[in-house]
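Asker: Next come a sequence and a model predicted from it.
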Amino acid sequence: MIRLITRVLFAALWLPMIGMAQTSAPAPAAQPFPSAPVKIAWIDLDSAIFTCDQGKKEFADLQKTLDAKKTEMDNMRKEVDNLQNQINVQGPKLTDDARTDLEDQLEAKNTNLQRFQQDAQKDIDARRQRIGNTIGKKMLPVIEKVAKEKSLGAVQIYNPNRDGFVDPSLVITDEIVKAYNQAYAASAAKAPESTTPPKK
């Protein structure tokens with residue numbers, strides 16, 4: 001009984017102290033809202049990467065690689081088709097050993113074709129991603145520079161699956177591409193001067 005009374009008294013003394021602590025603690029200062037509306041613009045980053053001068057060159061080179069791989073793949077496919085036709089036409093006239101040999105060749109060429117297709121796709125995808133990542137990283141400071149010049153509070157990446165409508169006047173993709181071309185064309189023009197040995 002005495003222990004119960006002690007606990008009740010302790011609780012009765014403790015609760016006011018909690019209330020005092022809560023009322024005495026200073027409230028966090030409210031963050032002021034911007035006095036003017038925040039200006040926001042959008043950029044189609046994929047389009048910017050593909051249409052800038054560096055992107056056009058890099059992806060044109062990648063297309064040449066893709067065309068070469070496609071030609072090689074078509075030649076391999078023709079070999080497979082020729083072997084298959086040979087088996088279909090000559091099959092009844094062939095000995096078991098000859099037919100088995102052709103079927104083994106066909107299986108090996110089919111396997112090589114499938115592996116080539118898979119390896120080519122992985123290679124092209126990896127190169128495309130590497131180009132996009134490289135240009136995208138170099139484009140970030142350009143986006144920031146243009147945003148500051150236009151007094152923008154934010155630049156959003158345009159996503160047609162998310163953004164139902166964006167006023168075309170708020171899309172600055174072309175401006176970013178122009179600024180990117182100027183920035184890196186200038187640096188490319190200076191590069192040969194730095195690599196030329198000084199005249200003695």
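Answerer: Now that the structure is in, tell me what you want to look at.

Asker: list the buried ones in stretch 99-112?
Answerer: 102, 106, 109, 110 (16 or more other C-beta atoms under 10 Å). Every C-beta, even on glycine, is put in place using the N, C-alpha and C of the backbone.

Asker: In TSV: those, plus pLDDT and distance to residue 48.
Answerer: Formatted as TSV, the buried residues of stretch 99-112 follow (pLDDT from 0 to 100; distance: C-beta to C-beta, whole Å):
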residue	pLDDT	distance to residue 48
102	92	53
106	94	47
109	95	43
110	95	42
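
Asker: Select from those residues every entry located in helices.
Answerer: Members of these lying in helices (criterion: DSSP state H): 102, 106, 109, 110.

Asker: what about the third one, distance to residue 129?
Answerer: Pointing back at residue 109 there. Distance of residue 109 to residue 129, computed by C-beta to C-beta, to the nearest Å: 30 Å.

Asker: Residue 87 too?
Answerer: Counting by C-beta to C-beta, the gap from residue 87 to residue 129 is 41 Å.

Asker: quick one, which of those two is more surrounded?
Answerer: residue 87 (16 against 10; other C-beta atoms under 10 Å).

Asker: what about the closest residue to residue 45 other than its chain neighbours, how many residues close to it?
Answerer: Leaving out its chain neighbours, the residue that sits closest to residue 45 by C-beta to C-beta, 6 or more residues apart in numbering is residue 157, at 5.2 Å. Neighbourhood size, residue 157 [other C-beta under 10 Å]: 13.

Asker: cool, the one 3 residues further on as well?
Answerer: When neighbours are defined as other C-beta under 10 Å, residue 160 has 9 of them.

Asker: likewise the one 4 residues further on?
Answerer: The criterion is other C-beta under 10 Å. On that basis, residue 164 has 6 neighbouring residues.

Asker: Show me where the chain dips below the pLDDT cut-off.
Answerer: 1-36, 186-200 (pLDDT under 70).
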